[in-house]
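>>> Coordinates for the following, if possible.
(one chain, ligands or ions: 1)
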Amino acid sequence: MKPLIVANWKCNPSTFAEAEKLFLAVSRGASKTGAEVVICPPFVFIPGLSAITKNPVKLGAQDAFFQEGAFTSQISINILKQFGCKYIIIGHSEKRALGETNKIINKKIKACLENNIIPVFCIGENRQERRLGKTSKILKSQLKEGLKGISPFNIGKLVIAYEPIWAIGTGNACDTDKAKEANIFIKKTLTDFYSGKNIQKVRIIYGGSTNPDNALSFIKDAGMDGLLPGGASLDAKKFVAILNKF
Ligand code: PGA
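Numbers count the residues shown, from 1 in each chain. Down below sits the predicted model:
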């Protein structure tokens, strides 16, 4: 399977003109990549960028609400689907830090799967949890609560992003050994929760200070199925250099 590279633009750039420029530069640069490329811009840029989206770049979103109706400020999955969003990042640590719980994350993942959108479900430990040897415990509880009630049929559609919080935006990515350990642990945990062949279809990707120099090793050495670059995805040259590794 092609490596999946999901660009998380977060709350950037500050104008649509810059977003369009970045999107077009990445689209041009991505013409030869062997990766599956998804760009997740801020919500309000999605309609404008959807009008200029072309292969191989796909659009995604950084979050979505699990219902429609009287929910002031929320954006539903159906709203996003109209503009061609195929993937939605769910449970990013920066959302969790603002109060998003495992319970809400679980509802959002279910809503994505029910609506044929692929959730990119983010999990990861913080620095202190790692230091105290609690990484596995944290990953297991995030997986257990986030995946509650998800059927063995639907589980195969999922993307899980291992994003150690201490590596995000720091310039210090996780060692490939540690990323490999987390990858193996996530796979093992999934087999504890589910039986059947579908869990082999779950894609596990890595995020946290990825760049053109370390991108390939997360795939080759840590066995990841893709990457979730943040900072590097805001620089067309750097992001295209990542894409061109594949
Ligand atoms: P980073 O962000 O690549 O800037 O560390 C990754 C993320 O938060 O998804």
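>>> can you list the residues of this protein near the ligand?
Within the chain, the positions near the ligand by C-beta under 6 Å from any ligand atom are 8, 163, 168-169, 207-210, 228-232. Bear in mind the C-beta positions are built from the backbone N, C-alpha and C, glycine included.
>>> which residue does the protein bring closest to the ligand?
Nearest residue of the chain to the ligand: residue 230, at 2.2 Å (C-beta to the nearest ligand atom).
>>> and that residue, what is it in contact with?
8, 9, 10, 168, 169, 207 (C-beta atoms under 8 Å, 6 or more residues apart in numbering).
>>> Most neighbours of all these, which one?
residue 207 (28 neighbours; other C-beta atoms under 10 Å).
>>> For the residue nearest to residue 7 when sequence neighbours are not counted, give its distance to residue 99.
Nearest residue to residue 7 in three dimensions, chain neighbours excluded: residue 233, at 3.4 Å (C-beta to C-beta, 6 or more residues apart in numbering). Residue 233 sits 25 Å away from residue 99, going by C-beta to C-beta, to the nearest Å.
>>> Of these two, give the one with the bigger neighbour count.
More crowded of residue 233 and residue 99, by other C-beta under 10 Å: residue 233, with 25 against 7.
>>> just so I have it, where are all the strands in this protein?
Secondary structure of the chain by DSSP state E: the strands cover 4-8, 36-40, 57-61, 85-90, 118-123, 159-162, 203-206, 226-227.
>>> Just name the most buried of those.
strand 226-227 (a mean of 28; mean count of other C-beta atoms under 10 Å).
>>> for the chain, what helix or strand is lowest in average pLDDT?
Averaged element by element with mean pLDDT, DSSP states H and E, the chain has its least confident helix or strand at helix 152-155 (a mean of 92).
>>> Extract the C-alpha set from it and format it as PDB.
The C-alpha coordinates for helix 152-155 follow below in PDB (Å, rounded to 0.1, in the frame of the first residue of the first chain):
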ATOM      1  CA  PRO A 152     -14.800  -5.400  13.500                       C
ATOM      2  CA  PHE A 153     -16.200  -4.600  10.100                       C
ATOM      3  CA  ASN A 154     -15.500  -0.900  10.400                       C
ATOM      4  CA  ILE A 155     -12.200  -1.100  12.200                       C
END
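>>> From the centre of the chain, point out the most distant residue.
When each C-alpha in the chain is compared with the mean C-alpha position (C-alpha atoms, centre = their mean), residue 70 comes out farthest, at 27.6 Å.
>>> got TSV for the contacts of residue 230, with distance to residue 138 and pLDDT too?
What follows is the contacts of residue 230, written out as TSV (distance: C-beta to C-beta, whole Å; pLDDT from 0 to 100):
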residue	distance to residue 138	pLDDT
8	21	98
9	26	98
10	22	98
168	15	98
169	19	96
207	16	98
